[in-house]
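**Q** I'll drop the sequence and a predicted model, then ask my questions.
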Amino acid sequence: MNATLKKAMTSMLFAGAAASSIALAPIAAADDPPPPPPCFNPDGTPCAPAAGPEGAGAEVPGGPGAMAHPDGTGSASIPGGPWAVFGPGGAEACVPGGPCRVVTP
C-alpha cells in the first residue's frame, strides 16, 4: 500500500510542477518588445515621426510617408509609386499605370 501511495504522490508532484511551469511560462516570456530599428533619411539625418491628439504621421523626405487622423481617416504613399487612402467609408489604393482597388465596408 505504501508503494502505491508513494507512486501516486510522486506522479502528482511531477504533474503539479509541470502545470505550474506551463502556467508561468507566458509571464516569464512577457518582456518588453525590442525598440524599433532606427530610421534615417538618405542624407543621414534621423526620420521624425510624430504622434499626438491630432493624429500620427511619418515621412522620409522625398520618400514614402503615411498619416492617420483621429477621425479614422488616413493615407500612405510612395512618390511616383502606389498610394492609398482610408476612412470609415472604405479605402482605395492605386498603383500608377495599374489597377485601383476600392473596398467599402
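**A** Everything's here; your move.

**Q** switch to C-alpha atoms for all contacts and neighbour counts from now on
**A** OK.

**Q** which residues does residue 90 form a beta bridge with?
**A** Beta bridges link residue 90 to residue 87, judged by DSSP bridges.

**Q** Now do the contacts for it.
**A** By C-alpha atoms under 8 Å, 6 or more residues apart in numbering, the contact list for residue 90 reads 102, 103, 104, 105.

**Q** Contacts only, for the closest residue to residue 95 other than its chain neighbours.
**A** Spatial nearest neighbour of residue 95, excluding adjacent residues (C-alpha to C-alpha, 6 or more residues apart in numbering): residue 82 at 4.4 Å. The neighbours of residue 82, taking C-alpha under 8 Å, 6+ apart as the test, are 93, 94, 95, 96.

**Q** Can you tell me how far the last one is from residue 77?
**A** I take that to be residue 96. Here residue 96 is placed at a distance of 11 Å from residue 77 (C-alpha to C-alpha, to the nearest Å).

**Q** Same check on the third one?
**A** Distance of residue 95 to residue 77, given as C-alpha to C-alpha: 10 Å.

**Q** And for the first one?
**A** Distance check for residue 93 against residue 77: by C-alpha to C-alpha, it reads 9 Å.

**Q** Could you tell me which residues touch both of these two?
**A** 83, 84.

**Q** my read is residue 32 is in a helix, agree?
**A** No - if the criterion is DSSP: H, G, I helix; E, B strand; the rest coil, then residue 32 is coil and not within a helix.

**Q** count of residues packed around it?
**A** 6 (other C-alpha atoms under 10 Å).

**Q** Repeat that for residue 67.
**A** By other C-alpha under 10 Å, neighbour count at residue 67 equals 18.

**Q** cool, and residue 83?
**A** 19.

**Q** Please apply the same query to residue 81.
**A** Around residue 81 there are 12 residues (other C-alpha under 10 Å).

**Q** How about residue 68?
**A** The burial count for residue 68: 19, using other C-alpha under 10 Å.

**Q** for it, phi and psi?
**A** With angles defined as degrees, to the nearest 10, residue 68 sits at phi -140, psi 140.
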